[in-house]
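Peer 1: Here's a sequence, model it:
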Amino acid sequence: MSLITQAFIVERYGLRLNVEQLADVLGLSKAAIYNQVSAGSCPVVTYLDGGKRWADYREVARHLDEMHSISSGIPA
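Peer 2: Presented below is the predicted three-dimensional model:
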């Protein structure tokens, strides 16, 4: 995964993203993220901590880089 993508996410959101921030990055609504998490189809791994759902910045960067590779035709 790209260090540039990681740096961008950390600078803008911090080391972990809450559901609202994750929705912003992915261009989805909070409800869509919760629905995907419930269905087990969320493209980014999330976890619960203190009753809140979070995503690690590395997982978000990995997903974004993966989607970029697919859209550009670059093999992973």
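Peer 1: for the one helix or strand residue 71 maps to, packing partners?
Peer 2: Assessed by DSSP states H and E, residue 71 sits inside helix 57-72. Applying 3 or more C-beta pairs under 8 Å, 6 or more residues apart in numbering; DSSP states H and E, we find helix 57-72 packed against helix 3-13, strand 16-18, helix 19-26. C-betas here are computed from N, CA, C, even on glycine.
Peer 1: and for it, what are the contacting residues?
Peer 2: 1-2, 5-6, 9-10, 13-17, 22, 25-26, 43-45, 74-76 (C-beta atoms under 8 Å, 6 or more residues apart in numbering).
Peer 1: quick check: angle from that helix to helix 3-13?
Peer 2: 130 degrees (axes from the mean of the first three to the mean of the last three C-alpha atoms, to 10 degrees).
Peer 1: Count the residues that sit near residue 68.
Peer 2: The tally of other residues near residue 68 (other C-beta atoms under 10 Å) stands at 12.
Peer 1: Now do it against residue 39, distance only.
Peer 2: Residue 68 is 24 Å from residue 39, where distance means C-beta to C-beta, to the nearest Å.
Peer 1: ditto for residue 9
Peer 2: Taking C-beta to C-beta, one finds residue 9 at 24 Å from residue 39.
Peer 1: Also residue 16?
Peer 2: Distance from residue 16 to residue 39, by C-beta to C-beta: 22 Å.
Peer 1: that older thread, which of residue 9 and residue 39 has more residues huddled nearby?
Peer 2: When neighbours are counted by other C-beta under 10 Å, residue 9 and residue 39 differ, and residue 9 comes out ahead with 23 against 8.
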